[in-house]
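*Asks:* Give the three-dimensional model of this entry:
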Amino acid sequence: MKLVTLFLITIFIIGCASQIPFTKNMIDEYQLDEDGIKNIQFYISHNLRLEREVTDIDKNIDPSRSLLTIEDKLIERIDFKKNTPCIVVSTNADKLNVAFEHSDNLAFKITGNHIKGKVFSYEPDQPYNKTIQTKFNLALAYRLCGIEYYADTTYAAKIITEVPYLLIDETSLKNLEINARKVKGLRHITN
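*Replies:* Numbers count the residues shown, from 1 in each chain. Next up is the predicted model:
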């Protein structure tokens, strides 16, 4: 029984791949074209929340009395949790458009320097500024990083700590390396 348990734990550990940031250097090193990038499984590194206040809804409590209204607010949230899987749907220059569901996608652009190179970080459609902060309420744990147009709707894009970036399984890189081959070329044979 102990041997079976040890075997199952070993399989579980092997199956759990470590995730590493996806960088511009990886595209160059593995000579990835758009199709190659689209075949990689990506994950988001940190939580991202899209949030909007839908509208003020007036409800008439008792129509026989004078106008007495209660204003309700509906908050709509879309949460992208850390390690949520996603796929690249298109690339251009230094930007990847990434889909988490079929309704729309988010842009990840090469920014800053990470330990292993320049990473593809989330880039809201409109960056943060002071006028945006007054328009959207802020949840305590989240801070505003910009405005996102997602599924034909405008949302406040919020993060907890760090701007999310794209991750890949380290094992998927090893598979790319194993499957990659270099052409030796042909030479004319002279007599």
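*Asks:* Where does the prediction get shaky in this protein?
*Replies:* Along the chain, the model assigns pLDDT under 70 to residues 1-17, 55-72, 112-116, 130-140, 173-182.
*Asks:* Tell me where it has strands.
*Replies:* Counting by DSSP state E, one finds strands in the chain at the ranges 19-21, 42-44, 48-60, 69-80, 85-92, 95-101, 104-114, 117-122, 126-127, 143-150, 153-159, 166-169.
*Asks:* Which among these is found nearest to Y30?
*Replies:* Closest of those to Y30 is strand 166-169, at 10.9 Å (criterion: C-beta to C-beta). Glycine gets a C-beta too; all of them are placed from N, C-alpha and C.
*Asks:* so what secondary structure elements neighbour the closest one?
*Replies:* strand 19-21, strand 42-44 (3 or more C-beta pairs under 8 Å, 6 or more residues apart in numbering; DSSP states H and E).
*Asks:* mind redoing it with 10 Å?
*Replies:* strand 19-21, strand 42-44, strand 85-92, strand 117-122 (3 or more C-beta pairs under 10 Å, 6 or more residues apart in numbering; DSSP states H and E).
*Asks:* Name the residues linked to I87 by a beta bridge.
*Replies:* Beta-bridge pairing of I87 under DSSP bridges involves A99.
*Asks:* Could you verify my assumption that it touches I44?
*Replies:* No: taking C-beta atoms under 10 Å as the definition, I87 is not a contact partner of I44, at 11.8 Å.
*Asks:* list residues touching both of the two?
*Replies:* Common contact partners of I87 and I44 (C-beta atoms under 10 Å, 6 or more residues apart in numbering): V98, F100.
*Asks:* Which one's more surrounded, those two?
*Replies:* I44 (22 against 15; other C-beta atoms under 10 Å).
*Asks:* so what's that one up against?
*Replies:* 80-86, 98, 100, 106, 108, 122, 164-167.
*Asks:* circling back: out of the strands of the chain, flag the one nearest Q31.
*Replies:* The nearest among these, by C-beta to C-beta, is strand 85-92 at 14.0 Å.
*Asks:* Tell me which residues are up against that closest one.
*Replies:* Identification of contacts with strand 85-92 by C-beta under 10 Å, 6+ apart yields 22, 27, 32-44, 80, 96-101, 104-108, 120, 166-167.
*Asks:* how big is the angle separating that strand from strand 104-114?
*Replies:* 80 degrees (axes from the mean of the first three to the mean of the last three C-alpha atoms, to 10 degrees).
*Asks:* Using PDB, list the CA coordinates for strand 85-92.
*Replies:* Output of strand 85-92 as PDB, limited to C-alpha atoms (Å, rounded to 0.1, in the frame of the first residue of the first chain):
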ATOM      1  CA  PRO A  85      -5.400  29.100 -18.600                       C
ATOM      2  CA  CYS A  86      -5.600  31.100 -21.700                       C
ATOM      3  CA  ILE A  87      -4.500  31.000 -25.400                       C
ATOM      4  CA  VAL A  88      -3.000  33.500 -27.800                       C
ATOM      5  CA  VAL A  89      -5.500  34.400 -30.600                       C
ATOM      6  CA  SER A  90      -3.300  36.900 -32.500                       C
ATOM      7  CA  THR A  91       0.100  38.500 -32.400                       C
ATOM      8  CA  ASN A  92       1.500  41.800 -33.700                       C
END
